[in-house]
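Engineer: Quick one, structure for this:
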Amino acid sequence: MGARVVNRRDFLRLSGIAGAGLVAVACGSAAPIAPAPAAAEPGAPTSAPVVEGAPAVRDVPREKTLIYLQQSQDGQLLNSGLGNPYTPGSQGHRAVTGAHEPLFFYSAFADEFIPWIATGYEYNEDFTELVVSIREGVEWSDGHSFTANDVAFMLNALIAQAPILRNSTEVKAWVSEAEAVDEYTVRIAFYEPRPRFVFSHLTAKFDTGIYWLPEHVFRDVEDIASFTFYDPEQGWPLYTGPYNVVHWTPQQQLVDRRDDWWAAKIGFAELPEVERILNLPTATDERAAQLVINNEADTTFHLQVSTVEQSVRQNPNVITHSGRESPFGYLDWWPISLWFNCEEPPFNTKEIRWAISYAVDRDQLIEVGLGGAGKTTSLPFPEYQPLLPYFEATAPLLEQYPTNEYNLEKSVALMEGQGFTKDDEGFWVRDGARVDATITTFSIFNDVGPVLAEQLRHAGFESEYTTPADAGTRRSEGVAKLTLWGHGGSIRDPFDTLDFFTSKYYRPVGEPATYPARWRNEEYDAILEEMALMSPDPNNPAYMDLYLAAIEIWLDELVDAPVMHLLHRIPYNTTYWDNWPTADNPYVNGALWHQTANLVIQGLRAKS
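Structural biologist: All right, here's what the predicted structure looks like:
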């Protein structure tokens, strides 16, 4: 086995990263951040945040404004002017914080299923038909009623415009008919039993769940994906949530509370205490941290561990999910793997995929990149309580398929077995060509990405870490051969993630794919289809046997290489807002870019 070098300083010195001027990126260390100024007393009058170039916008004081630093690109918001969550380039529910509402919410941290626009549902005995009851009194922001017609319309639109729209591939494959029985009742028929449909598609949790569009607007839209749905003069976009856009540019977005929100009108929920959400670009981690430290921002997109730690250390009002202590965050549902484009040589060969996995020292990656504040994962699932029986059942297979093993000798043997030799510079070559192991991803991995690339180079793979502006397109269209990315699927059932790798999501290189593996296996497809027809239950031997059969194929093929869990490290500034979700108060996960953002905002309390 290759010798380990886990000391951060020694790794950077010996690898040459320090000489290349990448110490800050590799360590995740931030530039020095100024100490926080004295905070205003929470009850003292404070001026409204400056809103540049926003005509006819009312003044809202700072203590009633939630300032959120969103994910951005080149200092600009990613979704400007895209009110339609299905438009290419839109980040869906992230575009307008607090505006989207689902039929049902699910909080994984509280393990709570919350009927929202819908009041309930009922399956028939064999799960081939579903009836959903819609809550009376729900309204769009223009006053039109939200009814069963909106739900039936959206499901039928997904079927008609598959595979272009998000969720349309599986909805078309599963749903045979969707109809409004009456104003508040939807009937959904399936080709085969679909016992997961309510949870997988009608329930908002993390990043999943169908987006609902107003039928009275979109019934006249022929191509939904091309319609941006942003026209302030017409009051667009329309949402059912308690907020809507009043000003939107690439530099800032103002989302104001609607005091005529349906839930408050009918007594279902109280108006949130937050009157305005000011969304600003994150720019850099250091800039985001400085604004939080200065009490000029309340929360941010996910930050690197050292930056969050500085925020906590320099402002006593800043906390995280784990309070003011390491690891400064919580286990997200998005375990990270090194994904392969399994259609492109040489990554279309499992031996090469395993050779690369054996070249990754995951412990060193976490020690050097995250200062030890991380956790490896052997499977593409988060270690949430409902999934632990599946981890336990997989343990014997992981002895045969050791996904976390660092072993350069095994890596060499596999590469030589595939006809590769090393050139004068120590890189693997076959037929005169080196293995292009360029890692294409986003800047959220700037702490561990350079370290991973250096490990691969050390093992003979010509690698570099890149974060191009079009990384998402490269990943989707198959231009990227390797990508560091997560799995937003399983929360309590392994099927949701395993289904990513079924051939219905396969697209040839050059065509956009929902999931970038581009791997196909008929036996695996058949097993997943059997699982799809069953209610998930780890105590059902038949279901567990199917899971083990599927995961053994996946592990043998090593469709992607599990690396580590993602911890969301989000600062919460308590100067103006309290009751943030934490380990001691886990009513929901705290990411405002997830579909449960409304639950966070609804839970916040003005500091008195």
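Engineer: And stretch 116-133, how far out from the chain middle?
Structural biologist: Distance, stretch centre to chain centre, for stretch 116-133: 27 Å (CA atoms, centre = their mean, to the nearest Å).
Engineer: again but with stretch 289-308, I slipped
Structural biologist: In terms of CA atoms, centre = their mean, the centre of stretch 289-308 is found 19 Å from the chain centre.
Engineer: Straight-line length of that stretch, end to end?
Structural biologist: End-to-end span of stretch 289-308 (CA to CA, to the nearest Å): 7 Å.
Engineer: Would you mind listing the buried residues in that stretch?
Structural biologist: Under the neighbour-count criterion of 16 or more other CB atoms under 10 Å, stretch 289-308 has 289-308 buried. Placement of C-beta: from N, CA and C, glycine included.
Engineer: got it, and stretch 601-608?
Structural biologist: I601, Q602, G603, L604, K607.
Engineer: my read: S503 touches R520, true?
Structural biologist: Yes - taking contacts as CB atoms under 8 Å, S503 lies within contact range of R520: 4.3 Å.
Engineer: Can you give the domain ranges for this structure?
Structural biologist: 62-85+232-329+571-606, 339-566 (automatic domain parsing).
Engineer: name the helices or strands packed onto the longest helix along the chain?
Structural biologist: The longest helix of the chain (DSSP state H) is helix 541-557. Where contact means 3 or more CB pairs under 8 Å, 6 or more residues apart in numbering; DSSP states H and E, helix 541-557 is packed against helix 350-358, helix 388-400, helix 495-498, helix 522-532.
Engineer: List just the one of those helices that sits closest to A204.
Structural biologist: A204 lies closest to helix 495-498 among the helices and strands packed on helix 541-557, at 14.4 Å (CB to CB).
Engineer: Just give me how far that closest one sits from the chain centre.
Structural biologist: Its chain's C-alpha centre and that of helix 495-498 lie 15 Å apart, by CA atoms, centre = their mean.
Engineer: how close does the residue lying closest to A480 once chain neighbours are set aside sit to R474?
Structural biologist: With sequence-adjacent residues excluded and distances taken as CB to CB, 6 or more residues apart in numbering, A480 is closest to T440, at 3.8 Å. As for T440, its distance to R474 is 5 Å (criterion: CB to CB, to the nearest Å).
Engineer: Of those two, which one has the most company?
Structural biologist: T440 (24 against 19; other CB atoms under 10 Å).
Engineer: any idea which strand is longest in the protein?
Structural biologist: For the chain, the strand with the greatest residue count under DSSP state E is strand 175-182.
Engineer: strands paired with the helix or strand following it, and their directions?
Structural biologist: Counting by DSSP states H and E, the element after strand 175-182 in chain order, helix or strand, is strand 185-190. Here strand 185-190 has these sheet partners by DSSP bridges: strand 129-134 (antiparallel), strand 175-182 (antiparallel).
Engineer: just the helices in the stretch 151-300 of the chain please.
Structural biologist: Using DSSP state H, counting those that start in this stretch, the helices of the stretch 151-300 of the chain run over residues 168-174, 197-201, 215-218, 262-265, 285-293.
Engineer: can you list these in TSV and add mean pLDDT and distance to S141?
Structural biologist: Shown next, in TSV, are those (pLDDT from 0 to 100; distance: least, CB to CB, whole Å):
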stretch	mean pLDDT	distance to S141
helix 168-174	94	25
helix 197-201	96	24
helix 215-218	98	11
helix 262-265	98	9
helix 285-293	94	30
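Engineer: Just say which of the ones you listed is most tucked in.
Structural biologist: Among the helices of the stretch 151-300 of the chain, the stretch with the highest mean neighbour count (mean count of other CB atoms under 10 Å) is helix 285-293, at a mean of 24.
Engineer: about what we covered before: what's next to the helix or strand just after the longest helix of the chain, contact-wise?
Structural biologist: Sequence-wise, the next helix or strand downstream of helix 541-557 (DSSP H and E) is strand 560-564. Here strand 560-564 makes contact (CB atoms under 8 Å, 6 or more residues apart in numbering) with 335-340, 353, 356-357, 360, 362, 365-366, 374-380, 403-404, 448, 452, 484, 517.
Engineer: Let me know the angle separating strand 560-564 from helix 541-557.
Structural biologist: Strand 560-564 runs at 100 degrees relative to helix 541-557, counting by axes from the mean of the first three to the mean of the last three CA atoms, to 10 degrees.
Engineer: Make 853 the starting number, not 1.
Structural biologist: With 853 as the first residue, the last one maps to strand 1412-1416.
Engineer: Would you mind checking the average pLDDT for strand 1412-1416?
Structural biologist: In this model, strand 1412-1416 has a mean pLDDT of 98.
Engineer: same deal with stretch 1306-1325?
Structural biologist: On average, stretch 1306-1325 scores 95.
Engineer: and if you look at stretch 983-1000?
Structural biologist: On average, stretch 983-1000 scores 98.
Engineer: I'd like the next helix or strand past the lowest-mean-pLDDT helix or strand in the chain.
Structural biologist: In the chain, no helix or strand scores lower on mean pLDDT, DSSP states H and E than helix 875-879, which sits at a mean of 33. Along the chain past helix 875-879, the next helix or strand (assigned with DSSP H and E) turns out to be strand 917-922.
Engineer: centre of the chain versus that next one, how much separation?
Structural biologist: In terms of CA atoms, centre = their mean, the centre of strand 917-922 is found 19 Å from the chain centre.
Engineer: Are there helices or strands packed against it, and which ones?
Structural biologist: Packing partners of strand 917-922 (3+ CB pairs under 8 Å, 6+ apart): strand 1128-1133, helix 1137-1145, strand 1151-1152.
Engineer: Secondary structure element for R1359, which one?
Structural biologist: Using DSSP H and E, no helix or strand contains R1359.
Engineer: contacting residues for it?
Structural biologist: Here R1359 is in contact with G1330, A1365, R1370 (criterion: CB under 8 Å, 6+ apart).
Engineer: Outside of the longest helix of the chain itself, list whatever touches it.
Structural biologist: Here helix 1393-1409 has contacts from 1202, 1205, 1231, 1241-1242, 1245-1246, 1249-1250, 1252-1253, 1255, 1346-1347, 1350, 1353, 1371, 1373, 1375-1376, 1379-1380, 1382-1383, 1386-1390, using CB under 8 Å, 6+ apart.
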